[in-house]
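Visitor: Please find the sequence and the predicted model below.
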Amino acid sequence: MCKRKFTIKRALCWSRRSASWVRTLRSSLFNTAIRKRGNGLRFLLLTGMSGAGKTLAARYMEDMGAFCVDNLPPMMMVKFMEACETTAMRSSVVAFAVDVRSGEFFDAQAVSKLIREAQGVGHRIETVFIEASDDVLMSRYKETRREHPLSDAQVSLTEAIAQERERLQPLREVANYVIDTSGMKPRQLQKKLQDIVKTDGESIPLRIEVMSFGFKRGLPRQADLVYDVRFLPNPFYIEGLGCQSGLDEDVRSFVMDHPVTQEFMQKLTELLAFLVPHYREEGKQRLMIGIGCTGGQHRSVAIAEAIAKALRELKYEATASHRDLEIEQARWKNGAIIDE
């Protein structure tokens, strides 16, 4: 009996405290109803059970190019959306988490009404609800030893989970997507979120960086693939070319016109054309390809530029960068170059 009174008392408290900000938000919504929204922004309201994986979901969404805000107070929801719509956003998808961490300010029934009203005045907003079974949530909290946002000295973890599930029910009922992570691996969650975040049937873009480097300074730690081009003819030993780089036409021609280089480029381009789609299918958003020669000034630079160009011709978003080029060129100016 005491537990029931405690729950009802808290519910009445939440209802009274939320009433004023709900009225304020409704006024804001209808004051902007006439304005046409034409910047194409898509909003994803991320909510659900504590411990179900909302933080991981937000991280995945951010990796997919979405602009993410965690634990947004409900009374700031509409103002936040309006601010995004009047700002030149780099991302076309904005995700924000609203849940019981807002304490007495959180009222799922009021938030669900605001979602419908926001949609009615032109906001493109969808709700992603993430949940898990009680047993799984209990297990996760025991493993992490974290405190549930609704638990305290009077409310056990079991009771807190039950209260949260009841409070969130109005949002679950209006959710566009419900994801149960009970038996789900992180990769599976990522794939489901990809299907949600991608728009107009397009896949999440894969950004490829082709980095040249010198082996004498070690491998780039962030590289996913590394190719050694020290077997190619070395311009370092050709008079007039040693002080130049793979960005200069004379060096580029020397490296690229050699039959071995042309055969290598053909085979590597074919290999990457096979590999890259599989990386993207596995959910990778960034791929770094390392191209190494001895110093990182001549062969690797020319090849990195050529590979990035070949990938762009295959319609991938690819750029070339050169880790050690400036260092090597500075050594030439200082007369500190030794044989490669």
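Guide: Sure thing, it's come through.
Visitor: Residue 126 pairs with what?
Guide: Beta bridges link residue 126 to residue 44, judged by DSSP bridges.
Visitor: Residue 130: which element?
Guide: Assigned by DSSP states H and E, residue 130 falls within strand 125-131.
Visitor: Please name every helix or strand in contact with that strand.
Guide: strand 42-48, helix 54-63, helix 108-120, helix 157-174, strand 177-180, helix 186-197 (3 or more C-beta pairs under 8 Å, 6 or more residues apart in numbering; DSSP states H and E). In short, each C-beta sits where N, CA and C put it, glycine included.
Visitor: tell me the domain ranges of the chain?
Guide: Annotated domains of the chain cover 2-197, 207-333 [automatic domain parsing].
Visitor: related to what we said a few turns ago, as JSON lines, the helices and strands packed on strand 125-131 with mean neighbour count would be great.
Guide: Below are these laid out as JSON lines (neighbours: other C-beta atoms under 10 Å):
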{"stretch": "strand 42-48", "mean neighbour count": "24"}
{"stretch": "helix 54-63", "mean neighbour count": "20"}
{"stretch": "helix 108-120", "mean neighbour count": "19"}
{"stretch": "helix 157-174", "mean neighbour count": "17"}
{"stretch": "strand 177-180", "mean neighbour count": "16"}
{"stretch": "helix 186-197", "mean neighbour count": "17"}
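Visitor: Can you check which of those gets nearest to residue 296?
Guide: Closest approach to residue 296 among the helices and strands packed on strand 125-131 (C-beta to C-beta): helix 54-63, 28.8 Å.
Visitor: Partner strands of the following helix or strand past that closest one, with direction?
Guide: Next helix or strand after helix 54-63 toward the C-terminus (DSSP H and E): strand 67-69. Sheet partners assigned to strand 67-69 using DSSP bridges are listed as strand 93-97 (parallel).
Visitor: Run the chain-centre distance for the strand it pairs with.
Guide: Distance, stretch centre to chain centre, for strand 93-97: 11 Å (C-alpha atoms, centre = their mean, to the nearest Å).
Visitor: ok, then the element right after the strand holding residue 130?
Guide: By DSSP H and E, the next helix or strand past strand 125-131 is helix 134-144.
Visitor: who touches that following helix?
Guide: The contact list for helix 134-144, computed with C-beta atoms under 8 Å, 6 or more residues apart in numbering, reads 49-52, 132, 148, 157-158, 161-162, 165, 181-183.
Visitor: Dump the residues you listed to a markdown table, plus pLDDT and distance to residue 206.
Guide: Output for these, formatted as a markdown table (pLDDT from 0 to 100; distance: C-beta to C-beta, whole Å):
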| residue | pLDDT | distance to residue 206 |
| --- | --- | --- |
| 49 | 94 | 32 |
| 50 | 93 | 33 |
| 51 | 92 | 31 |
| 52 | 93 | 28 |
| 132 | 93 | 30 |
| 148 | 90 | 38 |
| 157 | 90 | 41 |
| 158 | 92 | 43 |
| 161 | 94 | 38 |
| 162 | 94 | 42 |
| 165 | 94 | 38 |
| 181 | 94 | 25 |
| 182 | 92 | 30 |
| 183 | 87 | 28 |
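Visitor: and the residues you listed as a markdown table, adding distance to residue 215?
Guide: Below are these laid out as a markdown table (distance: C-beta to C-beta, whole Å):
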| residue | distance to residue 215 |
| --- | --- |
| 49 | 50 |
| 50 | 48 |
| 51 | 46 |
| 52 | 46 |
| 132 | 47 |
| 148 | 51 |
| 157 | 54 |
| 158 | 58 |
| 161 | 54 |
| 162 | 59 |
| 165 | 56 |
| 181 | 43 |
| 182 | 47 |
| 183 | 45 |
